[in-house]
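A.B. asks: This is the structure alone, sequence omitted:
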């Protein structure tokens, strides 16, 4: 049978030692102890050097990744800015303007199409409202002109004559 123990460390002078003890039995039952010792100084220097190399590489990568990420995010948001600017230009006097619907099939293209359809419906409702206002003003113009004419005549000749005033009312 073999009994395994946890490896232990020990510092001696300039050396960093790691050791492990094994107890084994020979075929005749005699116990045998085996001790393995290794100087880990070179591995410790390697780990320190690796730490500094990775730290410097990470800093260099960070210096390149941050500006690149900023550039890419700006580039990715350009279509959104174009939609915002175009939407801000649309007014009641420029209802025929529409948002750009170009580029890849993505959410922004779907959003632009949906907003353009909404603008079409708003423009149609605005046209119907204007037509109604023009028709109503035209239709009300004739009766109001007749009433105004009656009031003018009444004001000139019928203010003091009760019969004319009664007939006008």
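C.D. replies: All right, it came through fine. Everything numeric in this text was worked out from a predicted model, so none of it was measured.
A.B. asks: Tell me which helix or strand residue 17 sits in.
C.D. replies: In this structure, residue 17 is located in strand 15-25 according to DSSP states H and E.
A.B. asks: What strands line up against that strand, and which way round?
C.D. replies: Strands that pair with strand 15-25, judged by DSSP bridges, come out as strand 2-4 (antiparallel), strand 8-12 (antiparallel), strand 31-39 (antiparallel).
A.B. asks: chain center to the longest one: distance?
C.D. replies: Once both centres are worked out by CA atoms, centre = their mean, to the nearest Å, strand 31-39 turns out to sit 62 Å from its chain's centre.
A.B. asks: Toward the C-terminus from that strand, list the very next helix or strand.
C.D. replies: helix 41-89.
A.B. asks: Report the angle between the strand holding residue 17 and helix 41-89.
C.D. replies: Strand 15-25 runs at 110 degrees relative to helix 41-89, counting by axes from the mean of the first three to the mean of the last three CA atoms, to 10 degrees.
A.B. asks: Can you add mean neighbour count and give the strands paired with strand 15-25 back as a markdown table?
C.D. replies: Where you see a C-beta, it was placed from the backbone N, CA and C, and this is true even at glycine. Shown next, in a markdown table, are the strands paired with strand 15-25 (neighbours: other CB atoms under 10 Å):
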| stretch | mean neighbour count |
| --- | --- |
| strand 2-4 | 9 |
| strand 8-12 | 9 |
| strand 31-39 | 10 |
